[in-house]
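> Give the three-dimensional model of this entry:
(one chain, ligands or ions: 3)
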Amino acid sequence: MKHFAEMAREVFPLRQSPLVHCITNNVTIETMANALLYIDAQPIMTNDIREFPALFKQTDSLLLNLGSLSKERENTLLTAAKMAKEEKSFVVDIVGATSAPIAQQLAQQLARQKPNVLKGNISEMRAFCGLKTTGKGVDSSSSDQSEDELEELIGALKQQDPAVTYLATGKKDVIVSKKGTWVMENGVEELQRFIGSGDLLGALIAALLGEQIDNLSAVIFALSYLNICGEYTSENLGPVYGLADFRHETLNQLSLLKTLNQNWFNQTKGRKQ
Ligand SMILES: Nc1ncnc2c1ncn2[C@@H]1O[C@H](COP(=O)(O)OP(=O)(O)OP(=O)(O)O)[C@@H](O)[C@H]1O
Ligand SMILES: Cc1ncsc1CCO
Ligand SMILES: [Mg+2]
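Residues are numbered from 1 along each chain as shown. Ligands and ions are numbered 1, 2, ... in the order given. All right, here's what the predicted structure looks like:
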């Protein structure tokens, strides 16, 4: 992790205020837009494909999130991915691939457009690889996260297109890239218990790609930053707190940690396999 530790101070605060175009679900769209502002990026949440040619000239990166899909959004996502292919950095978040066959199919189609990063929770990523999963809805299951299950997922991700960097989130997070495999261990359980933590993570990765940070580093820094914000929150809120306060304070930390503790990356737990 030494290489990343040296780079970390250069990453946050962001210098270029990247403009991130997000095509995303209706549930967490506002949380995602604010999370981007809190890390000094700029969001634009445009679904209208008529706007894309002009918009693509301005944006630095693109996020495609498959949650709460509709026929129209499916078309919007495919159009954006085709335009982005080899032209613009983009992240695909395969929300719902565990439970919705159409989202699963769309995830495969979008993967063929070679996103920089394709992510989902561990159950969604198991579904993506064709492995059995006990995940339901948009949440992962704990039984998909045993050591054996993680090893199986890592093996399956290594068989996927090596042009793409893969992130599977959960208690432990798995990153598979052509540069190697990492298992990261930051975060607290409450992060899984507010809706949109995974969604906003996809947008943070896109923001770092928009700063021309390489795929693997963008994933490691965005993931570690969010999870360490969660850890700070859990330590500082006291012995008893509600989940709404946890959510609120974690979002606050996104805006604070980068300036209050420039050594935040020293708290990263994880290893290359
Ligand atoms: N049990 C846990 N312990 C520690 N960190 C966790 C845990 N579960 C999730 N996280 C962290 O929370 C973040 C979101 O991961 P999660 O897998 O919950 O995403 P998700 O299911 O896609 O979320 P959502 O659908 O609500 O957007 C990641 O940074 C992940 O590392
Ligand atoms: C709850 C929910 N349903 C569809 S998308 C979404 C947000 C989680 O990603
Ligand atoms: Mg998710």
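> Just list whatever residues bridge to the closest residue to Thr59 other than its chain neighbours.
Of all residues not flanking Thr59 in the chain, His21 sits nearest, at 4.3 Å (CB to CB, 6 or more residues apart in numbering). Heads up, the C-betas are built off the backbone N, CA and C, glycines and all. Going by DSSP bridges, His21 is paired in beta bridges with Ile44, Leu62.
> thought His21 was touching Lys57?
No - in this structure, His21 is not within contact of Lys57 by CB atoms under 8 Å, at 11.1 Å.
> The two - which one has more neighbours?
His21 (26 against 7; other CB atoms under 10 Å).
> Show me what from the protein comes close to ligand 1.
95, 121, 138-140, 169-171, 173, 187-189, 191-192, 195-199, 201, 223, 226-227 (CB under 6 Å from any ligand atom).
> out of those residues, who's near ligand 2?
95, 138, 195, 199.
> what's the burial count for the third one?
Right, Ile195. Quick note: Ile195 (other CB under 10 Å) scores 15 neighbours.
> Quick check, pLDDT for it.
We have a pLDDT of 96 for Ile195.
> And the last one, by the same measure?
What the model reports for Asp199 is a pLDDT of 98.
> Now do it against ligand 3, distance only.
In this view, Asp199 and ligand 3 are 6 Å apart by CB to the ion, to the nearest Å.
> now swap in the second one and tell me
In this view, Val138 and ligand 3 are 6 Å apart by CB to the ion.
> do the third one as well
Summarising the geometry, the distance separating Ile195 from ligand 3, computed by CB to the ion, is 9 Å.
> Just confirm that residue contacts Ile29, I think it does.
No - applying CB under 8 Å, one finds Ile195 not in contact with Ile29, separated by 11.5 Å.
> Please list the residues of this structure that sit near ligand 3.
Residues of the chain lying near ligand 3 by CB under 5 Å from the ion: 95, 198.
> for ligand 2, what are the nearby residues on the chain?
25, 27-28, 67-68, 95, 138, 195, 199.
> and the residue of the stretch 101-250 of the chain found nearest ligand 3, how many neighbours?
Among the residues of the stretch 101-250 of the chain, Gly198 lies nearest to ligand 3; the distance is 3.1 Å by CB to the ion. Per other CB under 10 Å, the neighbour tally for Gly198 reads 25.
> Am I right that it is in a helix?
Yes - assessed with DSSP: H, G, I helix; E, B strand; the rest coil, Gly198 lies in a helix.
> was I right about it contacting Met125?
No - in this structure, Gly198 is not within contact of Met125 by CB under 8 Å, at 11.1 Å.
> Buried among the residues of the chain next to ligand 2? Need that as a selection in ChimeraX.
In ChimeraX, this line selects whichever of the residues of the chain next to ligand 2 come out buried by 16 or more other CB atoms under 10 Å:
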select :25,27,28,67,68,95,138,199
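> Restricted to helices, list the residues of the chain next to ligand 2.
Asp199 (DSSP state H).
> quick one, what contacts Leu216?
165, 175, 177, 179 (CB atoms under 8 Å, 6 or more residues apart in numbering).
> residue contacts, the last one?
When you say that, I think you mean Lys179. Leu216.
> Adjust the sequence numbering to begin at 30 for everything that follows.
Understood, numbering begins at 30; the last thing we discussed is Lys208.
> quick one, phi/psi of it?
Here is the backbone geometry of Lys208 (degrees, to the nearest 10): phi -90, psi 0.
> Now do it, the pLDDT please.
Reading off the model, Lys208 has pLDDT 97.
> before we move on, what about the first one?
For Thr194, the pLDDT comes out at 98.
> who touches it in this structure?
Thr194 makes contacts with 145-147, 204-207, 244-245, 248, as judged by CB under 8 Å, 6+ apart.
> Switch the residues you listed over to JSON lines; also include secondary structure and distance to Gln45.
Shown next, in JSON lines, are those (DSSP: H, G, I helix; E, B strand; the rest coil; distance: CB to CB, whole Å):
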{"residue": "Asn145", "secondary structure": "coil", "distance to Gln45": "17"}
{"residue": "Val146", "secondary structure": "strand", "distance to Gln45": "19"}
{"residue": "Leu147", "secondary structure": "strand", "distance to Gln45": "24"}
{"residue": "Ile204", "secondary structure": "strand", "distance to Gln45": "24"}
{"residue": "Val205", "secondary structure": "strand", "distance to Gln45": "28"}
{"residue": "Ser206", "secondary structure": "strand", "distance to Gln45": "23"}
{"residue": "Lys207", "secondary structure": "coil", "distance to Gln45": "26"}
{"residue": "Asn244", "secondary structure": "helix", "distance to Gln45": "17"}
{"residue": "Leu245", "secondary structure": "helix", "distance to Gln45": "20"}
{"residue": "Val248", "secondary structure": "helix", "distance to Gln45": "19"}
